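Undergrad: The sequence and its predicted three-dimensional model are supplied below.
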Amino acid sequence: MVLPTGYILDAYGPCGGDGKNNDHRILSRMLEDSDFTTFFRANDTLVLDRGFRDSIEDLSSRQYKTFMPNLLAKGTAVHSS
């Protein structure tokens, strides 16, 4: 977990790099097993990359707001303004 300032708040792991340990599954375990929830309160906003797209429903049910920046379309080099 990294704050918008770049400060590393926490690191969870180690986690194996296989199909059983994708971002969604790792975050699900963090929500159940770690101190993750002590860092955040309802209505806090979490900025996620697309690896966490399957976690948005879980986070919303816990009253966290989520933001996932737009991704480039295939074959596009830069975002349009």
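TA: Great, that's in hand.
Undergrad: CA only for contacts and neighbour counts going forward, please
TA: Will do.
Undergrad: C-alpha coordinates for stretch 42-49, CSV please?
TA: Output of stretch 42-49 as CSV, limited to C-alpha atoms (Å, rounded to 0.1, in the frame of the first residue of the first chain):
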residue,chain,number,x,y,z
ALA,A,42,-15.6,4.1,5.4
ASN,A,43,-15.6,6.5,2.4
ASP,A,44,-11.8,6.5,2.0
THR,A,45,-10.8,6.3,-1.6
LEU,A,46,-8.5,3.6,-2.9
VAL,A,47,-6.7,4.1,-6.2
LEU,A,48,-6.3,0.8,-8.0
ASP,A,49,-4.8,-0.6,-11.1
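Undergrad: what's around residue 26, how many residues?
TA: 17 (other C-alpha atoms under 10 Å).
Undergrad: Apart from its neighbours in sequence, what residue is nearest it?
TA: The shortest distance from residue 26 to any non-neighbouring residue, by C-alpha to C-alpha, 6 or more residues apart in numbering, is to residue 15 (7.7 Å).
Undergrad: how far is the longest helix along the chain from where the chain is centred?
TA: When the chain is parsed with DSSP state H, its longest helix is helix 23-33. In terms of C-alpha atoms, centre = their mean, to the nearest Å, the centre of helix 23-33 is found 10 Å from the chain centre.
Undergrad: what's it in contact with?
TA: When contacts are defined by C-alpha atoms under 8 Å, 6 or more residues apart in numbering, helix 23-33 is touched by residues 12, 15, 36, 37, 51, 52, 53, 54, 55, 58.
Undergrad: If we use 6 Å, what do you get?
TA: Residues lying outside helix 23-33 but in contact with it, judged by C-alpha atoms under 6 Å, 6 or more residues apart in numbering, are 51, 52, 54, 55.
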